[in-house]
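Chemist: only geometry, no sequence info:
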């Protein structure tokens, strides 16, 4: 990738990626080329398009040993927030699309997700454990305002008494405080909000369509005030970009009443590496070499190390320093002292449509 593939700024206004390279599984590569007839100038801007994902299952299983859940739900594929560092970008290549601008503008929704979830929870072989939502793409991204798939999923989980952990960057989560507070009273929900920076300018270029940092902090305040267990995620921590803000973010979140905090060091799998490099070249050209030098210090000399146990926090002196700073700040602000556990004791499988009611 490089400047030859860069999409004109006017066409990608409000987006995070600089390019829209063809997905890695495609047999042919498409490159915009000016043939002298001004055809490139005639190309339309990238607009958000939403298609239907016809998947017949909604719960995704995993066996990764370094994440605290074995099942998750993603109501949407692709994410309009456009965060340049998003490690989910490469998944769009499986759809024949680009992890670049396509990931931000060609989205897929799962309108039948609540019904599919109800069916899967009612299976006789189903064993309840906390479901994670928002671990891939954001369930409260802008199109959720229209489709309300996440809210309907929460309604199913509440009726079934099933625990759920939510991660988002959006203050839209406060729309569902009515459901979340009822679930919290039964220890069925935890909400984590990612606050990557307190710098509005940096947030705008790094996460162009995500809510501003003050709105995320206010969402944490509202959730905590409603009795909902909350976590602030300082994620990702990017060397020489937002690493100086760790303590300030944790301080601001603690003042909002959050009880827990977590962090993830920047991950650059597959196409994310080049997309992130292009973003640096466009926005922080003077820092590109320094940023990647620090990244390699945490990844054994590579741009990324996907080894379980290392991919989230890295290794080496710089990664150790980040961890110690984070732990020291958490101790200072009283975070992670107590974390409300979730329970499966309220779980009751939804009644299947074909199941006959008892006479007694």
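Modeler: Structure's in. What do you need? Because the structure is predicted, anything quoted here is derived from the model rather than measured.
Chemist: pLDDT score assigned to residue 173?
Modeler: Here, the pLDDT recorded for residue 173 equals 98.
Chemist: SS state for it?
Modeler: When the structure is reduced to helix, strand and coil (DSSP: H, G, I helix; E, B strand; the rest coil), residue 173 reads as helix.
Chemist: Just checking: what are the partner strands of the longest strand seen in the chain?
Modeler: Longest strand in the chain by number of residues (criterion: DSSP state E): strand 230-237. Sheet pairing here is set by DSSP bridges, and for strand 230-237 it gives strand 189-194 (parallel), strand 260-265 (parallel).
Chemist: Show me the strands in the stretch 101-250 of the chain, by range?
Modeler: For the stretch 101-250 of the chain, the strands defined by DSSP state E, counting those that start in this stretch occupy 106-109, 131-133, 164-168, 189-194, 230-237.
Chemist: can you tell me the average pLDDT over the shortest one?
Modeler: Read that as strand 131-133. With pLDDT averaged residue by residue, strand 131-133 scores 98.
Chemist: Same question for stretch 23-43.
Modeler: 62.
Chemist: Remind me what the longest helix seen in the chain packs against, helices and strands.
Modeler: Ranked by residue count under DSSP state H, the longest helix found in the chain is helix 316-333. Packed against helix 316-333, as judged by 3 or more CB pairs under 8 Å, 6 or more residues apart in numbering; DSSP states H and E, are the following elements: helix 246-255, strand 260-265, helix 288-298. Placement of C-beta: from N, CA and C, glycine included.
Chemist: Residue 282 contacts residue 17, correct?
Modeler: No - taking CB atoms under 8 Å as the contact criterion, residue 282 and residue 17 are not neighbours in contact, 10.0 Å apart.
Chemist: Could you double-check that residue 313 lies in contact with residue 324?
Modeler: No - between residue 313 and residue 324 there is no contact under CB under 8 Å: 11.6 Å.
Chemist: Show me which of those two is the more surrounded one.
Modeler: For residue 313 against residue 324, the residue with the higher neighbour count under other CB atoms under 10 Å is residue 313, and the figures read 17 against 10.
Chemist: got a list of what that one touches?
Modeler: Residues touching residue 313, when contacts are defined by CB atoms under 8 Å, 6 or more residues apart in numbering, comprise 263, 264, 265, 319, 322, 323.
Chemist: cutoff 7 Å now
Modeler: Applying CB atoms under 7 Å, 6 or more residues apart in numbering to residue 313 gives the contacts 265, 319, 323.
Chemist: Any quick ChimeraX command for the buried ones out of these?
Modeler: Applied in ChimeraX, the following selects the buried portion of those according to 16 or more other CB atoms under 10 Å:
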select :265,319
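Chemist: possible to save the contacts of residue 313 as JSON lines with pLDDT and distance to residue 186?
Modeler: What follows is those, written out as JSON lines (pLDDT from 0 to 100; distance: CB to CB, whole Å):
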{"residue": "265", "pLDDT": "98", "distance to residue 186": "34"}
{"residue": "319", "pLDDT": "97", "distance to residue 186": "38"}
{"residue": "323", "pLDDT": "98", "distance to residue 186": "34"}
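Chemist: Could you save the contacts of residue 313 as TSV and add columns showing distance to residue 208?
Modeler: Conversion of these to TSV gives the following (distance: CB to CB, whole Å):
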residue	distance to residue 208
265	22
319	28
323	29
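Chemist: Out of the contacts of residue 313, which is nearest to residue 329?
Modeler: When the contacts of residue 313 are compared for distance to residue 329 (CB to CB), residue 323 wins out at 11.0 Å.
Chemist: Find the residue closest to the closest one in space, skipping its chain neighbours.
Modeler: For residue 323, the nearest residue in space outside its immediate sequence neighbours is residue 313; the separation is 6.3 Å by CB to CB, 6 or more residues apart in numbering.
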